[in-house]
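J.: quick one, structure for this:
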Amino acid sequence: MKYIKWIGLLLILFLSACGSTYNGDFNYEVQPFSFENQDGKMVTKEQFEGKFWVADMIFTNCQTVCPPMTANMARLQQKLEDENLDVELVSFSVDPENDTKEILKEYVSERGGTFENWNLLTGYPFKTIKEFSIKSFKAPVEKIADSDQRVHTYYFYLVTPEGNAIKRYDGRKAAEMDTIIEDIKSMTE
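T.: Next up is the predicted model:
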């Protein structure tokens with residue numbers, strides 16, 4: 001009986017050592033991907049290994065949450081630069097049929113974003129992003145019938161250097177960008 005207790009204790013210690021080193025509100029493994037960015041280059045999850053990154057879902061015909069989300073991502077980009085934090089930004093289009101790389105690039109440029117550390121991903125079937133979003137972020141994506149609108153998350157997700165989403169922030173609120181900065185700094189100090 002003692003032998004079984006020791007094995008159980010060792011197993012618990014082993015499994016806890018294999019977990020993420022970052023504390024968050026959850027721990028979702030972001031699924032592997034290989035999508036085209038605004039410059040026509042393939043971007044993969046593996047390219048972000050070893051770095052924190054912030055992800056969101058947008059589309060350029062969005063009439064509600066995407067304009068403030070994109071402006072806030074640009075605001076976050078500037079704050080990251082001001083704090084000298086090496087963090088990548090990734091926006092996944094939930095309307096890849098409409099959101100060409102040129103349209104996405106113009107959309108973000110008009111809202112103050114630049115592309116040194118911000119990838120705007122598109123070029124995949126809608127079904128692909130729908131499955132990716134639910135598997136990676138537990139966030140549903142749906143087309144609205146007889147409309148060019150989409151239902152999608154308005155959260156920004158903090159992803160660890162190991163590729164796990166651990167926190168989410170309301171992308172519509174500018175003040176949340178400061179919280180993202182604080183959280184990243186606390187995890188990298």
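J.: give me the three-state assignment for the residue most central in space within the chain.
T.: To find the centre residue of the chain, average its C-alpha atoms and take the closest one (C-alpha atoms, centre = their mean): that gives Ala55, at 1.6 Å. Judged by DSSP: H, G, I helix; E, B strand; the rest coil, the three-state class of Ala55 is strand.
J.: so which residues of this structure form helices?
T.: Listed from the start of the chain, the chain has helices (DSSP state H) covering 2-17, 66-82, 101-110, 126-137, 175-188.
J.: as TSV, the ones you listed with distance to Val90 and mean pLDDT would be great.
T.: Using the backbone N, CA and C atoms, a C-beta is placed for each residue, glycine as well. Below are the helices of the chain laid out as TSV (distance: least, C-beta to C-beta, whole Å; pLDDT from 0 to 100):
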stretch	distance to Val90	mean pLDDT
helix 2-17	29	43
helix 66-82	10	98
helix 101-110	12	97
helix 126-137	11	97
helix 175-188	14	97
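J.: nearest to Val94, of these?
T.: With C-beta to C-beta as the measure, helix 126-137 is the member of the helices of the chain nearest Val94 (5.6 Å).
J.: list the helices and strands that closest one packs on?
T.: Helix 126-137 makes packing contacts with strand 28-29, strand 53-58, strand 88-93, strand 164-170 when contacts are defined by 3 or more C-beta pairs under 8 Å, 6 or more residues apart in numbering; DSSP states H and E.
J.: coming back round to it: any idea which of the helices of the chain is most buried?
T.: Mean neighbour counts were taken over the helices of the chain using mean count of other C-beta atoms under 10 Å, and the top value, a mean of 20, falls to helix 66-82.
J.: and Ile144, which of the helices of the chain is closest to it?
T.: Proximity to Ile144, assessed across those by C-beta to C-beta, is greatest for helix 126-137 (12.4 Å).
J.: need the contact partners of that closest one.
T.: Contacts with helix 126-137, where a contact means C-beta atoms under 8 Å, 6 or more residues apart in numbering, come from 28-31, 33, 55, 57, 92-97, 139-143, 152-153, 155, 157, 165, 168.
J.: and the buried ones among those, selectable in ChimeraX?
T.: Buried subset of those, written as a ChimeraX selection, criterion 16 or more other C-beta atoms under 10 Å:
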select :28,30,33,55,57,92,93,94,95,96,139,141,152,153,155,157,165,168
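J.: closest to Glu176 out of the helices and strands packed on helix 126-137?
T.: In this view, the helices and strands packed on helix 126-137 are compared for proximity to Glu176 by C-beta to C-beta, and strand 164-170 is the closest at 4.2 Å.
J.: what lines up beside the closest one in the sheet?
T.: The sheet places strand 164-170 alongside strand 28-29 (antiparallel), strand 155-159 (antiparallel), with pairing taken from DSSP bridges.
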